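Visitor: Would you be able to build a 3D model of this:
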Amino acid sequence: MEARPKVTPLTRPTARRSHVPPLGVHVTPDGGIDVAVAAAHATAVELCLVDVVDEALDTRDPARYAERRVALDGPTYGVWHAHVPDVRPGQRYGFRAHGPWDPEAGHRHNPAKLLVDPYARGLVGELTYGPETLGAVGALNGDDPGGDDPGDAPAPDGRWWVAEQYGEPDDRDSLAFVPHAVVVPSQPGPPPLSRPRVPWADTVIYEAHVQGLSMRHPDVPAELRGTYAGVAHPATVEHLLSLGVTTLELLPVHASASEPRLVAHGLTNYWGYQTLGFFAPHAAYATRAARDAGPAAVLDEVRGMVHLLHEAGIEVLLDVVYNHTCEGGASDLHVSWRGLDNAGYYLHDGASPAALADVTGTGNSLDFRRPRVVQLALDSLRYWAEVVGVDGFRFDLATTLGRAEHGFTPDHPFLVALQTDPVLSGLKLVAEPWDVGPGGWQTGNFPPPTAEWNDRFRDSVRGFWLDAPRQGSHGHEMRGLRELTTRLAGSADLFGHSDPPLMRGPVASVNYVTAHDGFTLADLVAFDHKHNEANGEGNRDGSDHNLSWNHGVEGHAPDGGAGGADPTTEPWSAVVPLRRRSQRNLLATLLLAAGTPMLTAGDELGRTQGGNNNAYAQAGPLSWIDWDLDEPAQDLLATTRFLLALRAEHPALRADSFFLGTPRPGEDLPDLLWFAADGTPMDRDAWATTGRRVVQMLRPGPEDGDTHVLLVLNGGLDDAGVTLPDPLPGTTWERVWSSTWDHPDRPDDGDDDDGPTLESLSVEVFLGR
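Guide: Here you go, the predicted model:
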């Protein structure tokens, strides 16, 4: 193949323009494109137009491709740009950046590497994990850099290529080994008023993976399973609607890659938290027909999914990962941001030689002190909101996005933009309020209108229903009632601090017991310890702080399911019924607490991951929902539907403002009351009683004619006598649900609605007028 022409680096910028073109590649009416890319420290940038000239050749054969290079003008305030005529949608392209190679100063420009446009709307091709995709000279881990070339990676012995951190640049061309950006035609936005706009107080979030949701669904056609189209298939939508889900939160759908270590061990990053493109949909989740038709068709399928879900009244939130990229640490991939402006995109420690500051645990962190990084995130968010039509976002490791010079601040420009941007401020915004850096735990400290995952809710609910009974079964004191009641009431201690106070309301607390990371609900009650051997990390990955309880036997019975095997066989005859009840206790606490509930996909069906609490690398049946439901799974599904229907029917269970504990104007009862087991109000002494495990929570109906809801909880290991409260003369109570029931249909057992016994480790719900 002919040697490619070299471009002489510019010594000074061209004439400055009053307007910097929008970043990315945009089709123009004259049949060309406007191109702009931020690379502030580069001395020259080329647009590389790539054509496939021989489809018979292997995708990694450089002779398969022809490349045309166009030198861009600039830099204008760090942006390189040009108008290029006669470029049509479907054209492959990338960038080559010239400039200093000075890793000790943070600069890693290497024009031998074709770079993915950070603003690419579509990508084609696969990433190859060999020396060509490293910026510096590298070697298979365990070999010496600069030695004999041992061949392509990944190696059969599980090794992978790593670059020398401060080594010389690698001169191998990467064009045939990286995905190519594709010019995508401009897309109109969603139809006006098409968003469901579900009020926060009515919101029920369902966290799911595009592939895992429908991959095994028997009523979804085979060609649609595991795809964007499968998410919006009537069978999938019917399940969501029958549950009472209002808002579908999808794990990352941005284009992503896998870590070289995983690929070397025959695994992939299933969750998708290693972003390769913040604008391009992950093509692997599209149908084969859409993938064959190209990136524009993939985008159309995503937009169609959102539109169909909107027609069903379901909102769509995207889990977005702006805190880091797929490029890993300094010794890892060199495919986009690292080659354009390593010092400008990534957070460094300020030392000499320069080293990456990793506050995300992934090897790199995007530097939100930099305006171009903030702009990248905001432009991406607006694109997905305006062009794709999604209803909001969940921000992974959001503390990183609010890190300024001296750590996290709620007044960070990015967070201020979320509050004030006319497009974004009206969407549902949810923060994962932590990262792994100094001062990383920030639950309750994000500004409105952002809601937050409430890890304190997760831990208190698990602690009360699982960890404390496990401790109690070994003779230890059981704690956690006061913490649990604070979470049941909406976590005002965390989310009530604002100016003015209490403005965020309990809906700012996204309550959850499980999520994609961690045990599933069924595994939470079946394992004391994680079992992550399949991930290839010697069971070192994943959290050890699970607050789980196996109820006496580790693991599921051989045939698994929502609680295990035939409960008539030993040792399962004692264990399985308790596990099933514990799942119902956890679900009731989650779905009936004040706040915004989030249910993890498959928990309502008893999905198990075999004790793997970090299944990020398990792209297979272990991570997919099994729709073949046995009787216990059907009972659990019916219970989940009943509890969510109860929430939807009774305004008392959908508090939009924090409880005051006093009557509001025009109301006779305080908006929240607590009672002891004997029906007397909880006073200071009652709250201070050590070891108390029974409490009654009364949430009066907010309007005349609304039903009062009474939750009665017994977290003790013994049955308890209970007297229901009588806050107003003539109040009558009807028991409508008990966690002792396998199925929500009330058994004909002749029990009196007024007690007197509440079984150990159980919840009961009463309605009163």
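Visitor: Now residue 332: closest residue in space that isn't a chain neighbour?
Guide: residue 363 (6.1 Å; C-beta to C-beta, 6 or more residues apart in numbering). (C-beta placed from N, C-alpha, C; glycine too.)
Visitor: biggest helix in this structure, by residue count?
Guide: Longest helix in the chain by number of residues (criterion: DSSP state H): helix 572-592.
Visitor: next structured bit after it?
Guide: The helix or strand immediately downstream of helix 572-592 is strand 596-600, counting by DSSP states H and E.
Visitor: so what does that next one touch, helix or strand wise?
Guide: strand 205-208, strand 509-511, helix 572-592 (3 or more C-beta pairs under 8 Å, 6 or more residues apart in numbering; DSSP states H and E).
Visitor: what packs against the longest one?
Guide: The one in question is helix 572-592. In terms of contacts (3+ C-beta pairs under 8 Å, 6+ apart), helix 572-592 is packed against helix 455-462, helix 521-524, strand 596-600, helix 631-649, strand 708-714, strand 762-768.
Visitor: Let's see the pLDDT reported for the residue nearest to residue 332.
Guide: Looking at residue 363, its pLDDT reads 97.
Visitor: now the longest helix of the chain against strand 762-768, angle please.
Guide: On the basis of axes from the mean of the first three to the mean of the last three C-alpha atoms, to 10 degrees, helix 572-592 is oriented at 40 degrees to strand 762-768.
Visitor: Give the buried residues for helix 572-592.
Guide: Neighbour counts over helix 572-592 (16 or more other C-beta atoms under 10 Å) mark 572, 575-592 as buried.
Visitor: circling back to that earlier point, and the residue nearest to residue 332, what does it touch?
Guide: 324, 327-330, 332, 356 (C-beta atoms under 8 Å, 6 or more residues apart in numbering).
Visitor: Which entries within these meet the buried criterion?
Guide: Buried members of the contacts of residue 363, scored by 16+ other C-beta under 10 Å, are 324, 327-328, 330, 332, 356.
Visitor: would you turn these into CSV with secondary structure, pLDDT and distance to residue 118?
Guide: Shown next, in CSV, are the buried ones among the contacts of residue 363 (DSSP: H, G, I helix; E, B strand; the rest coil; pLDDT from 0 to 100; distance: C-beta to C-beta, whole Å):
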residue, secondary structure, pLDDT, distance to residue 118
324, coil, 98, 14
327, coil, 98, 11
328, coil, 97, 16
330, coil, 95, 19
332, coil, 96, 17
356, strand, 97, 18
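Visitor: nearest to residue 672, of these?
Guide: Residue 672 lies nearest to residue 324 out of these, by C-beta to C-beta, at 41.3 Å.
Visitor: right, and the closest one touches residue 360 too?
Guide: Yes: counting by C-beta atoms under 8 Å, residue 324 touches residue 360, with 4.5 Å between them.
Visitor: so what's in contact with these two at the same time?
Guide: Residues touching both residue 324 and residue 360 (C-beta under 8 Å, 6+ apart) are 397, 400.
Visitor: if we can go back for a sec, mind putting the helices and strands packed on strand 596-600 in TSV, distance to residue 500 and mean pLDDT included?
Guide: Formatted as TSV, the helices and strands packed on strand 596-600 follow (distance: least, C-beta to C-beta, whole Å; pLDDT from 0 to 100):
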stretch	distance to residue 500	mean pLDDT
strand 205-208	27	98
strand 509-511	18	98
helix 572-592	28	96
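Visitor: Let's have those in TSV, adding distance to residue 216.
Guide: Rendered in TSV, the data for the helices and strands packed on strand 596-600 read as follows (distance: least, C-beta to C-beta, whole Å):
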stretch	distance to residue 216
strand 205-208	13
strand 509-511	27
helix 572-592	21
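Visitor: Ok, which of those comes nearest residue 665?
Guide: With C-beta to C-beta as the criterion, residue 665 lies closest to strand 509-511 of these, at 25.3 Å.
Visitor: Where does pLDDT dip in the stretch 451-600 of the chain?
Guide: 559-568 (pLDDT under 70).
Visitor: Next: the stretch 301-450 of the chain.
Guide: In the stretch 301-450 of the chain, no residues with pLDDT under 70.
Visitor: Can you read off the backbone torsions of the residue nearest the centre of the chain?
Guide: Among the residues of the chain, the one closest to the centroid is residue 319, at 4.1 Å (C-alpha atoms, centre = their mean). Per-residue torsions, residue 319: phi -80, psi 120 (degrees, to the nearest 10).
Visitor: looking at the sheet around it, what are its partners?
Guide: Beta-bridge partners for residue 319, by DSSP bridges, are residue 394.
Visitor: Please look at it and residue 398 and confirm they touch.
Guide: No: Residue 319 sits out of contact with residue 398 when judged by C-beta under 8 Å, with a separation of 11.2 Å.
Visitor: Nearest residue to residue 425 in space, please, no chain neighbours.
Guide: Excluding the flanking residues, the one nearest residue 425 by C-beta to C-beta, 6+ apart is residue 419, at 5.7 Å.
Visitor: and the one you found, that one's in a helix?
Guide: Yes: the assignment for residue 419 by DSSP: H, G, I helix; E, B strand; the rest coil puts it in a helix.
Visitor: Against residue 427, how distant is it?
Guide: 12 Å (C-beta to C-beta, to the nearest Å).
Visitor: And the two? Which one has more around it.
Guide: Looking at residue 419 and residue 427 with other C-beta atoms under 10 Å, you find the greater number of neighbours at residue 427, namely 20 against 15.
Visitor: Give me the phi and psi angles of the nearest residue to the more buried one once chain neighbours are set aside.
Guide: Spatially, and ignoring its direct neighbours in sequence, residue 427 is nearest to residue 392 (4.2 Å; C-beta to C-beta, 6+ apart). Main-chain torsions, residue 392, degrees, to the nearest 10: phi 170, psi -170.
Visitor: For residue 392, list the residues it contacts.
Guide: Applying C-beta under 8 Å, 6+ apart, the residues contacting residue 392 are 247, 315-318, 427-430.
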